[in-house]
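Enquirer: this one's structure only:
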């Protein structure tokens, strides 16, 4: 089954404790992206990747890191999480970064930083 | 000014009516536009994409794009209770960034 998977689905952590949210897709997609969703603000893009070893900042990259060492994986790293990073996070992928390409979203990761 | 503006709603329509959802955007360089549906607690799923001025129909859904006026709309004909969700408008410009609106909540009353 073609899908985007994220782990963990739910995470409660404390300020300053490094964490990684994994994202994997099995569709051989070139383009992957991370979003956060907050009430009233919609989805905001954090980082995106056009291919292996090629990443760029979205609108809200501060406090986050990403890497793309393999085509299928695009982990999101929070080196020192803070309470304002409490949010619902979605990973997405599309065949290419072209304007016409549909993005497929993972199930989401709900992160709480205390 | 937000790059993509949507009325947060809720928009309430009776079953069988037409639901009209609107979205305005500020980036004149935007090339492609998308409507996603998101049920509560779920991830967004694509309903329609549109790239050219005019209308695009797919079943009960019609997307309308007017680049000169910088708006895109989504019409849902014969609305059903299962259409109750949040509808997200998004656009992509010349780069790879995708900008989403905050979404409009739609309630279809049986």
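Expert: That came through, no problem. Everything numeric here is computed off the predicted structure, so don't read it as measured data.
Enquirer: show me where pLDDT drops low in chain A?
Expert: Along chain A, the model assigns pLDDT under 70 to residues A:97-100.
Enquirer: do chain B as well
Expert: Those would be B:1-2, B:93-95, if you go by pLDDT under 70 across chain B.
Enquirer: can we see that at 90?
Expert: Along chain B, the model assigns pLDDT under 90 to residues B:1-3, B:7-9, B:26-32, B:41, B:51-52, B:91-99.
Enquirer: Spatially central residue for chain A, please.
Expert: Centroid-nearest residue in chain A, with CA atoms, centre = their mean: residue A:34, separated by 2.8 Å.
Enquirer: doesn't residue A:55 make contact with it?
Expert: No - between residue A:34 and residue A:55 there is no contact, the gap being 9.9 Å when judged by CB atoms under 8 Å. No exception for glycine: its C-beta is placed from N, CA and C like everyone else's.
Enquirer: overlap in contacts of those two?
Expert: When CB atoms under 8 Å, 6 or more residues apart in numbering or on different chains defines a contact, the residues bordering residue A:34 and residue A:55 alike are A:47-48, A:66.
Enquirer: Which single one of those residues is nearest to chain B?
Expert: For chain B, the nearest member of those is residue A:48. The distance, counting by CB to the nearest CB, is 5.5 Å.
Enquirer: check contacts around that closest one.
Expert: Residues in contact with residue A:48 (CB under 8 Å, 6+ apart) are A:31-34, A:55-56, A:58, A:97, B:96-98.
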